[in-house]
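> Dropping a prediction and its sequence here:
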Amino acid sequence: MTDREKEILEILKENPMISQQELADKLSITRSSTAVHITNLMKKGYIRGKGYILKKDNYITVIGGSNIDIQGVPKNPLVMFDSNPGKVDISLGGVGRNIADNIRRLGVSTKLISAVGNDLYGNQILSECKSYGIDVDDCYISNEYSTSIYVSILNNSSDMHVAISHMDILDKLDLSYIQSKHQHINDSLAIIIDTNLSEEVINFITTNYSHIPIFIDTVSTSKCMKIKNITGRFNTIKLNQYEAESLSGIKINNLEDVKLCSKYFLDTGVKNVFITLGKNGVFCANEQKSIHVKGVKIDIVSATGAGDAFTSALVYSHLNDFDLEYSAKFSMAASIIALSHKNTINPNMSVDYINKILEEKILC
């Protein structure tokens, strides 16, 4: 949202029935300019129809996994088939929940639709999400299934070596449950889903809410295959190199390969493609241009959660009309913040902190 649009929105909150001419006079701009701003606010979903009826809440909806993350890090090089001395941390996780958490820390009203068990971990997830200001009223709470648990083992360089994900409870986010949340989903400014959802649910959401920008986090090389035949339905797709290779069938060995891979996704109908390349940065593309943003050398505390932070920042970038290059750089800064903390979510995540990292490490 532009500064002028924010100014107009504040005036409309005080006087929803004000005329365009009165608005123009109040802002010392032409009536035609006012009309353009009003149209843009309607397109973005901040106001509805005649009379400038404001939405009660402007929020995004995240639909996906929530779980408890258990992460082990060895003190020395990892030895397979043996017990390794090290450190174990427990924190809230799940791709969908992580994205919702990061977006909320960026000041965006956020609704999370996920599934948890009626158990200690499930109650902890709901309680902490509420304390951060995340709306969890539409989460499914099961008396039958336990809350999902994600166990990851890092090597002594803090890169994930192997992980096991127990997420059977997400079967409860089935078609009928998602359909029961139609009005809340339909009122969203944007929808973010992860591929922990079933193919049936992903297909339903992308078919029935195509009028709303939909973002997808592909999660893993195996789970991303659920969207192979429907990638064109997404406004924005964020993948790592291996997920991009799996979906496109194109092996990435150099930047020309990445460009070819991005074109594959654009040709399916995706509006924006972001392929993260680890230490080599990120490659992004839309119909107008493609850009490679070089990586930044940093000390990594934990690689878990960087992708979720990147996706969250992409959503924020969309809501604030950032261009392709700045969206990539803003999102890279968010991932750097995630990489600098032991937990999946860096509690210091904020727009101000992202801007600080941008100035110090990326825009300099």
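Received the coordinates, thanks. Bear in mind that the values here come from a model prediction, so they are computed numbers and not experimental data. Numbers count the residues shown, from 1 in each chain.
> Helix, strand, or coil at the closest residue to Arg31 other than its chain neighbours?
Of all residues not flanking Arg31 in the chain, Ala24 sits nearest, at 4.5 Å (Cβ to Cβ, 6 or more residues apart in numbering). Heads up, the C-betas are built off the backbone N, CA and C, glycines and all. What DSSP: H, G, I helix; E, B strand; the rest coil gives for Ala24 is helix.
> ok so Ser152 is a strand residue?
Yes - the assignment for Ser152 by three-state DSSP puts it in a strand.
> Could you double-check that it lies in contact with Gln71?
Yes - judged on Cβ atoms under 8 Å, Ser152 makes contact with Gln71 at a distance of 5.1 Å.
> Who has more neighbours out of the two?
Shown here are Ser152 and Gln71; by other Cβ atoms under 10 Å, Gln71 has more neighbours (24 against 20).
> What pairs with the helix or strand hosting the more buried one, parallel or antiparallel?
Using DSSP states H and E, Gln71 maps to strand 67-74. Counting by DSSP bridges, the strands paired with strand 67-74 are strand 86-93 (antiparallel), strand 148-154 (parallel).
> mind checking how far it is from the chain centre?
Distance, stretch centre to chain centre, for strand 67-74: 21 Å (Cα atoms, centre = their mean, to the nearest Å).
> Equivalent analysis for stretch 223-233, please.
Relative to where its chain is centred, stretch 223-233 has its mean C-alpha point 17 Å off (Cα atoms, centre = their mean).
> now the end-to-end length of it.
In stretch 223-233, first residue to last residue: 17 Å (Cα to Cα, to the nearest Å).
> Residues contacting that stretch, please?
Stretch 223-233 is contacted by residues 195-199, 202-203, 206-207, 210, 214, 216, 218, 234, 237, 239, 243, 246-247, 265, 268-270 when judged by Cβ atoms under 8 Å, 6 or more residues apart in numbering.
> Just the residues you listed: which are in strands?
Taking DSSP state E as the definition of strands, those contribute Ile214, Ile216, Ile237, Leu239.
> Touching both of Ser152 and Gln71, which residues are there?
In contact with both Ser152 and Gln71: Thr304, using Cβ under 8 Å, 6+ apart.
> out of all of them, which helix in the protein is the longest?
helix 324-339 (DSSP state H).
> helices or strands next to that one in the packing?
Here helix 324-339 touches strand 272-276, strand 282-285, strand 290-293, helix 306-319, helix 351-357, going by 3 or more Cβ pairs under 8 Å, 6 or more residues apart in numbering; DSSP states H and E.
> So what angle separates the directions of it and strand 272-276?
40 degrees (axes from the mean of the first three to the mean of the last three Cα atoms, to 10 degrees).
> thinking again about what came up before, output the ones in strands among the contacts of stretch 223-233 in CSV, with neighbour count and distance to Phe274 appended to each entry.
Below are these laid out as CSV (neighbours: other Cβ atoms under 10 Å; distance: Cβ to Cβ, whole Å):
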residue, neighbour count, distance to Phe274
Ile214, 21, 15
Ile216, 29, 11
Ile237, 30, 7
Leu239, 26, 7
